[in-house]
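Q: one predicted model, sequence on top.
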Amino acid sequence: MPHGRWVLHLMFEPKEYLLAIGINFNFQRDVQRDADHFFDDVRQSVNLKLISALTASRIYEEQLHRRMEILSKLAGEKIDLKASFSSAFDSSLENRVMYALRNHALHSQLPLSAITFGSSRLSITGDPRDEAPSRSRMTVDPKISTKEFCGSPKIRPATRAEVEQLGYEKLDLKFFARGFLSCLASCHDDFRRVTEGPLERALLDLKNAHLELKEAKGDEPKHVSIYKRYEGSVIEKHYIDYAKKLRILDLRRFWSGLKWIQRSYLSSKVVSYKDTYPENHGTIWIEK
């Protein structure tokens, strides 16, 4: 099966970087004195991390489709996930925008246009002026220019028209990145569902092979491997340990919770800006 951990790592790397730059900006006074250079460096770094993440997601998708073709031949039944990705694309504006950003970045210029640092003092009473217990909140908000987005010839006209009709100057990258990852996780769930039957049959075959090896050896078999050969040469070697088959089941559940990432954000929340979409949302609370 396609291994999603490296994809997930690259998808979360921009979010980890946002946390780091928020800490640097908030607590290092020398950074604030040279804010122009700081913002310029940050913008370039976030762009590169974003491009890496989007490229990795594309590699994952293409690899998954190739693996499903191979699995279809081995299982004797058609297993095709292209419909899942098409449905995710059609049903999610976030997905369409992030796909478009990938094409835009690969053929034109870097996608990210601005980063806003927001800071507010929150009081237990709701009024910071009354000197009640309070705390400071900082948000780091990368944004995409809708003018640049809609002016890119590498983006589908239909997607450009959708974004233009929103009527905002900028798009909140955190919102769109989380929506994109949520769609990817849903497609990964479909992958698990359609491969459940072939996996159960494969585990049964491994169990029978394990029992045969145990009987022939008179002891528990160790270091059992499966080799894949091409033109006489070994091109893949997989270590098989049937006694620890739960590892593969854990891997298959790896992305399960990410379908709800929009509501359980892992970095700073999406907040409302009058010139940035989304300013409000039907199912997600966006703080004013």
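A: Perfect, thanks for sending it. The shown structure was predicted, so the numbers you read here are calculated from the model rather than taken from an experiment. Numbering: from 1, shown residues only.
Q: now S136, what's its secondary structure?
A: Three-state call for S136 (DSSP: H, G, I helix; E, B strand; the rest coil): strand.
Q: give me the beta-bridge partners of it?
A: R121 (DSSP bridges).
Q: wouldn't it be in contact with S120 here?
A: Yes - with contact taken as CB atoms under 8 Å, S136 and S120 are classed as touching, separated by 7.2 Å. (Glycine included, C-beta is placed from N, CA and C.)
Q: please enumerate the strands of this protein.
A: Using DSSP state E, the strands of the chain run over 114-123, 134-145, 170-172, 224-230, 233-240, 276-277.
Q: the last one packs against which elements?
A: Identification of packing neighbours for strand 276-277 by 3 or more CB pairs under 8 Å, 6 or more residues apart in numbering; DSSP states H and E yields strand 170-172.
Q: next one: the first one
A: Packed against strand 114-123 by the contact rule (3+ CB pairs under 8 Å, 6+ apart) you find helix 5-27, helix 35-75, strand 134-145.
Q: just to revisit the earlier point, mean pLDDT added to the strands of the chain, as TSV?
A: Formatted as TSV, the strands of the chain follow (pLDDT from 0 to 100):
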stretch	mean pLDDT
strand 114-123	73
strand 134-145	80
strand 170-172	92
strand 224-230	75
strand 233-240	75
strand 276-277	90
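Q: so which of the ones you listed gets nearest N47?
A: Across the strands of the chain, N47 has its closest neighbour in strand 134-145 (9.0 Å, CB to CB).
Q: ok, back up a step: in TSV: the helices and strands packed on strand 114-123, plus mean neighbour count.
A: What follows is the helices and strands packed on strand 114-123, written out as TSV (neighbours: other CB atoms under 10 Å):
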stretch	mean neighbour count
helix 5-27	17
helix 35-75	16
strand 134-145	18
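Q: and T276, which of these is closest to it?
A: Among the helices and strands packed on strand 114-123, strand 134-145 sits nearest to T276 (CB to CB), with 6.0 Å.
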